[in-house]
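Chemist: coords please:
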Amino acid sequence: MTEPVEVRPLEPVTEEWQRALAIVAHPDDLEFGAAAAVARWTGQGKQIAYCLVTSGEAGIDGMPPQRAREIREQEQRTSARLVGVDSVEFLGLPDGVLEYGVPLRRELARVVRRHRPEIVITTNFRDTWDGAYALNQADHIATGRAVLDAVRDAGNRWVFPEQLTDGAGPWNGVRQVWAAASPLAAHGVDVTATFQRGVASLKAHEAYLSGLGDGSFDAEEFLEGLSRAAGVRLGVRHGATFEVFRFDLW
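Modeler: Below is the predicted model of the structure:
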């Protein structure tokens, strides 16, 4: 007889904050699981800004990179507005070949110091999506690792001191970094009321989604599979999961 699989409950993430910064590698990264949570938080009056490390210009096989860049930046801005985010910036680093290291940490520390968030949101940067076989993408891994280090860098006035000019100071006010859809997620948030806004934000990436597989990708079906599983662990209909890294323990 097969033993029942244990479903581990998720601890709700804190919502005692006002400013968050989301840093991800590509347009659409936030929409694959976190956008409904963003809609919940902007609906509470919280301020959230998006920073895209690349413009996803290498993400559409049948489209030249410069044209893809233009389309994907516009789709991301539209997608962000659907969940209440008006501040969207693109760092313009090359898509598909991001490298973890000091240059990337420097760029991200600059962004953190400028926005001065309490919470930083990124996407899963573990080796896999499922803890087993579904391999993650190199840009996600490099970006997430650099986000963690850049948050520390931003609070140290002796790291990248050339950024601290005209009265700018270090920023050590980031309390936590949240990695959405991590296979090691132990926290989550109820997105039942904003699930459809999350779906709409993913559907806004029309050009990108139309190039996935045979073009039959169903955004709502995909997100529902993720959110229902998370909802079970939260005791709600739809949820979003996060792996939490704490910087407020020191």
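
Chemist: next helix or strand past the helix or strand of the chain with the lowest mean pLDDT?
Modeler: Least confident helix or strand, the chain: helix 206-210 with a mean of 94, by mean pLDDT, DSSP states H and E. Scanning forward in sequence from helix 206-210 by DSSP states H and E, the next helix or strand is helix 219-234.

Chemist: Whichever helix or strand comes after that following helix pairs with which strands, parallel or anti?
Modeler: Per DSSP H and E, the first helix or strand lying C-terminal to helix 219-234 is strand 239-246. With DSSP bridges as the test, strand 239-246 is paired with strand 176-180 (antiparallel), strand 187-190 (antiparallel).

Chemist: just how off-centre is strand 239-246 within its chain?
Modeler: Per C-alpha atoms, centre = their mean, to the nearest Å, the displacement of strand 239-246 from the mean C-alpha position of its chain is 11 Å.

Chemist: List the buried residues in that strand.
Modeler: Gly239, Ala240, Thr241, Phe242, Glu243, Val244, Phe245 (16 or more other C-beta atoms under 10 Å). From N, CA and C alone the C-beta is placed, and that goes for glycine too.

Chemist: mean confidence for the helix or strand in which Gln196 is found?
Modeler: Gln196 is located in helix 195-203, with elements delineated by DSSP H and E. Averaged across helix 195-203, pLDDT comes to 98.

Chemist: now swap in stretch 212-224 and tell me
Modeler: The predicted confidence, averaged over stretch 212-224, sits at 88.

Chemist: Check the offset of it from the chain's centre.
Modeler: The answer for stretch 212-224 is 19 Å, by C-alpha atoms, centre = their mean.

Chemist: contacting residues around that stretch?
Modeler: Under the criterion C-beta atoms under 8 Å, 6 or more residues apart in numbering, residues Phe32, Gly33, Ala36, Phe195, Gly198, Val199, Leu202, Lys203, Leu209, His238 lie in contact with stretch 212-224.

Chemist: Apply 7 Å and report the result again.
Modeler: Gly198, Val199, Leu202, Lys203, Leu209 (C-beta atoms under 7 Å, 6 or more residues apart in numbering).

Chemist: Going by secondary structure, the nearest residue to Asn156 once chain neighbours are set aside is in what exactly?
Modeler: Spatial nearest neighbour of Asn156, excluding adjacent residues (C-beta to C-beta, 6 or more residues apart in numbering): Pro170 at 6.2 Å. Using DSSP H and E, Pro170 falls within no helix or strand.
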